[in-house]
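[1] no sequence for this one, just the structure:
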């Protein structure tokens with residue numbers, strides 16, 4: 001945790017910034033989260049090193065440490081250099097870390113007291129997220145000079161410290177899902193759904209993109225992919241929502257419903273659960289969302305979004321195997337005159353039952369919309385499907401079900417009565 005470059009320029013990789021707390025407080029936080037059945041993941045910014053870091057020390061901030069300035073300095077080979085010895089810099093203007101150097105590999109992950117292993121073994125964290133993991137590099141392309149070589153090597157030491165530690169990257173190359181990364185930030189999902197919400201796409205294009213992204217991944221990685229609507233680098237989705245016929249709330253709820261029920265792991269950016277906006281309040285421009293602090297005043301919450309998010313979280317908890325490893329089937333995603341509202345529907349099914357998602361981004365109820373569910377396992381003629389969000393019930397006939405899709409959308413589940421669902425949304 002740092003005070004430089006929005007938290008990206010650590011002065012000491014082994015110490016928490018006192019502005020945020022202490023190591024003991026981090027341990028207390030980790031223990032408290034575990035007691036409440038939650039987990040914690042740290043962000044690893046290991047592409048470059050801050051010039052004031054204790055290992056580099058170019059400004060002599062630490063007069064009793066030598067740093068990496070002279071060939072005789074302890075950490076000289078820790079950073080990448082040109083043939084003339086001049087330091088190579090990242091696009092952020094900081095020295096690039098040299099993973100071809102044994103110094104760097106030992107310091108970050110190979111030794112039991114290395115940075116990554118320390119936080120796993122001593123602090124008890126549950127995962128590492130590699131910031132721009134796809135561009136980690138070294139000075140020798142044949143000796144841990146590529147991100148794939150580095151991440152593959154890194155994985156074995158992380159898993160040796162704790163085999164259950166989640167290992168993911170913000171960005172990743174295709175060959176890094178072959179027994180290297182457990183997961184990734186799913187930009188193919190995030191960008192596609194943001195274009196759709198902004199009115200720049202349509203149901204057919206959206207679902208083709210999302211499904212193509214899933215098909216390109218091992219099943220375990222697809223199921224664990226961090227699907228998002230917003231990140232710290234982007235304006236909040238609610239601020240760019242312009243889908244024709246919808247308003248900010250209906251479009252956001254539709255996107256949120258899709259994220260919670262599609263293949264992968266829903267990743268809720270802070271404040272989104274309450275409909276928080278993130279426009280630059282000075283110039284009224286679509287600024288990166290991290291400039292806004294959390295809105296804690298509950299009177300400012302958008303409760304249509306807040307209640308929907310809580311209901312979707314409860315849905316996933318009630319149907320764990322359905323949404324963590326269940327099969328997927330596209331039910332409807334046509335873009336034509338028969339679908340002016342842009343309804344999207346897909347099924348998730350497993351031994352415990354089935355659920356049909358029907359997404360509706362507009363502000364009006366789409367009435368009497370027919371869905372063909374005949375190919376969905378665990379759904380048969382005569383079955384009663386209950387909308388988890390409204391409590392309304394529908395009967396399957398001739399392999400089809402005719403439903404009213406409310407603004408935001410509906411989730412039709414098997415094995416429920418109208419009395420034991422969330423309802424009344």
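    Received, thanks. Computed from a prediction, not measured in an experiment: that's the story for all the values here.

[2] burial count for residue 325?
    Under the neighbour criterion other Cβ atoms under 10 Å, residue 325 is assigned a count of 15. No exception for glycine: its C-beta is placed from N, CA and C like everyone else's.

[3] give the contact list for it.
    Taking Cβ atoms under 8 Å, 6 or more residues apart in numbering as the contact definition, residue 325 lies against 219, 223, 350.

[4] how about the first one, phi and psi?
    So the one you mean is residue 219. Torsion angles at residue 219 (phi, psi; degrees, to the nearest 10) stand at phi -60, psi -40.

[5] likewise for residue 386?
    phi -110, psi 130.

[6] report the separation between the residue nearest to it when sequence neighbours are not counted and residue 193.
    Ranked by Cβ to Cβ, 6 or more residues apart in numbering and with sequence neighbours excluded, the top spatial neighbour of residue 386 is residue 416, at 4.3 Å. To residue 193, residue 416 is 27 Å away according to Cβ to Cβ, to the nearest Å.

[7] more neighbours, those two?
    The residue with more neighbours, out of residue 416 and residue 193, is residue 193; 25 against 20, by other Cβ under 10 Å.

[8] double-check the more buried one against residue 258; I have them as touching.
    Yes: here residue 193 reaches residue 258: they are 6.5 Å apart, a contact under Cβ atoms under 8 Å.

[9] quick one: contacts for the spatially most central residue of the chain?
    Centroid-nearest residue in the chain, with Cα atoms, centre = their mean: residue 226, separated by 3.2 Å. Remark: with contacts taken as Cβ under 8 Å, 6+ apart, residue 226 is in contact with 168, 183, 184, 185, 186, 264, 265, 267.

[10] closest one to residue 113 out of the residues you listed, please.
    residue 168 (23.5 Å; Cβ to Cβ).

[11] any idea whether the closest one is helix, strand or coil?
    For residue 168, the secondary-structure state derived from DSSP: H, G, I helix; E, B strand; the rest coil is strand.

[12] quickly list what it is bridged to.
    Partner residues in beta bridges with residue 168, using DSSP bridges, are residue 129, residue 183.

[13] what about it, distance to residue 184?
    The span separating residue 168 from residue 184 equals 6 Å under the rule Cβ to Cβ.

[14] more neighbours, those two?
    In this view residue 168 and residue 184 are compared by other Cβ under 10 Å, and residue 184 has more residues nearby, 25 against 20.

[15] picking up where we left off before, now the residue nearest to residue 386: which helix or strand?
    For residue 416, there is no host helix or strand (DSSP states H and E).

[16] so it sits right up against residue 388, yeah?
    Yes: under the criterion of Cβ under 8 Å, residue 416 is in contact with residue 388, at a separation of 7.0 Å.

[17] now for these two: what residues contact both?
    With Cβ under 8 Å, 6+ apart, residue 416 and residue 388 have no common neighbours.

[18] and stretch 266-282, how far out from the chain's middle?
    When C-alpha coordinates are averaged (Cα atoms, centre = their mean, to the nearest Å), stretch 266-282 and its chain have centres 14 Å apart.

[19] picking up where we left off before, grab the nearest non-local neighbour of the residue nearest to the centre of the chain.
    Leaving aside its sequence neighbours, residue 226 sits nearest to residue 267 (Cβ to Cβ, 6+ apart; 4.4 Å).

[20] give the contact list for that neighbour.
    Under the criterion of Cβ under 8 Å, 6+ apart, the contact partners of residue 267 comprise 185, 226, 227, 228, 259.

[21] give me the distance between the third one and residue 194.
    It stands for residue 227. Residue 227 sits 12 Å away from residue 194, going by Cβ to Cβ.

[22] residue 385 bridge partners, please.
    Applying DSSP bridges to residue 385 gives these bridge partners: residue 394.

[23] does it touch residue 413 like I think?
    Yes: shown here, residue 385 and residue 413 form a contact pair, counting by Cβ under 8 Å, at 6.8 Å.

[24] joint contacts of these two?
    Residues within reach of residue 385 and of residue 413 at once, by Cβ under 8 Å, 6+ apart, are residue 356.

[25] these two: which is more packed in?
    Using other Cβ under 10 Å, the more surrounded residue of residue 385 and residue 413 is residue 385, with 25 against 21.

[26] low-scoring stretches of the stretch 201-350 of the chain, by residue?
    Flagging of the stretch 201-350 of the chain using pLDDT under 70 yields the residue ranges 279-291.

[27] do a quick rundown of the strands in it.
    Defined through DSSP state E, counting those that start in this stretch, the strands belonging to the stretch 201-350 of the chain, from first to last, are 226-228, 265-267, 327-332, 344-350.

[28] how much distance is there from the first one to the middle of the chain?
    When you say that, I think you mean strand 226-228. Taking Cα atoms, centre = their mean, one finds strand 226-228 lying 3 Å from the centre of the chain it belongs to.

[29] same check on the third one?
    Between the centre of strand 327-332 and the centre of its host chain there is 22 Å, according to Cα atoms, centre = their mean.

[30] the second one too?
    Centroid separation between strand 265-267 and its chain, computed with Cα atoms, centre = their mean, is 6 Å.

[31] what pairs with that strand, parallel or antiparallel?
    Strand 265-267 pairs in its sheet with strand 226-228 (parallel), by DSSP bridges.

[32] the residue nearest to residue 74 when sequence neighbours are not counted - how many residues pack around it?
    Spatially, and ignoring its direct neighbours in sequence, residue 74 is nearest to residue 66 (5.5 Å; Cβ to Cβ, 6+ apart). Neighbour count for residue 66, taken as other Cβ under 10 Å: 15.

[33] tell me the SS of residue 66?
    Under the three-state scheme (three-state DSSP), residue 66 adopts coil.

[34] just checking, residue 15 touches residue 26?
    No: no contact is recorded between residue 15 and residue 26 when judged using Cβ under 8 Å, the distance being 10.3 Å.

[35] so for these two, which sits in the more crowded spot?
    The neighbour count for residue 15 versus residue 26, taken as other Cβ under 10 Å, is higher for residue 26 (19 against 13).
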